[in-house]
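J.: after the sequence you'll find the predicted model.
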Amino acid sequence: MFRDPVQRMISEYKWDSKTYKNKLPFCDWVDFVIDEYKINPFIKDNHIRPQNEFIVNGCEVYSFSKISNMVEMLNRNDFAEITSPIKKEHDSTFWNINVQVSKSSIDKIIGFYKKDYEWIENNKLM
């Protein structure tokens, strides 16, 4: 499952703000988690780690944006016969948390996840 890195970072910020009562503005939080990642790559249960680091040769990588079609895609690929829907346990789009995303924050995120964006450009998401 591969998610747009900027959207993934915004979602993690919302999770932190809701669950851990984070009070940092988004731009400061981005700086903090990127710095912390350099010390501990497992920070935030690997939710900051670049996604390309999880990909192994020969695996199929699915787009997070198509999660609602996941059962159909897996069944079509003879992966398994799944009959129940896959649901998102935590959907940050419903949390009423306003995130002020600056261009400099987006630039930092894109720079940090450069290899993720290169992977997306050079490979096909299912």
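T.: Ah, there it is.
J.: ramachandran angles for the residue nearest the centre of the chain?
T.: Central residue of the chain (C-alpha atoms, centre = their mean): Arg8, 3.2 Å from the mean position. Here is the backbone geometry of Arg8 (degrees, to the nearest 10): phi -60, psi -40.
J.: so where do the helices sit in this protein?
T.: For the chain, helices defined by DSSP state H occupy the ranges 5-19, 26-39, 70-76, 103-112, 114-122.
J.: I'd like the ones you listed laid out as JSON lines, including distance to Glu60 and mean pLDDT.
T.: Using the backbone N, CA and C atoms, a C-beta is placed for each residue, glycine as well. Shown next, in JSON lines, are the helices of the chain (distance: least, C-beta to C-beta, whole Å; pLDDT from 0 to 100):
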{"stretch": "helix 5-19", "distance to Glu60": "19", "mean pLDDT": "91"}
{"stretch": "helix 26-39", "distance to Glu60": "27", "mean pLDDT": "96"}
{"stretch": "helix 70-76", "distance to Glu60": "9", "mean pLDDT": "66"}
{"stretch": "helix 103-112", "distance to Glu60": "25", "mean pLDDT": "98"}
{"stretch": "helix 114-122", "distance to Glu60": "14", "mean pLDDT": "94"}
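J.: for Pro50, find the nearest of those helices.
T.: helix 114-122 (5.1 Å; C-beta to C-beta).
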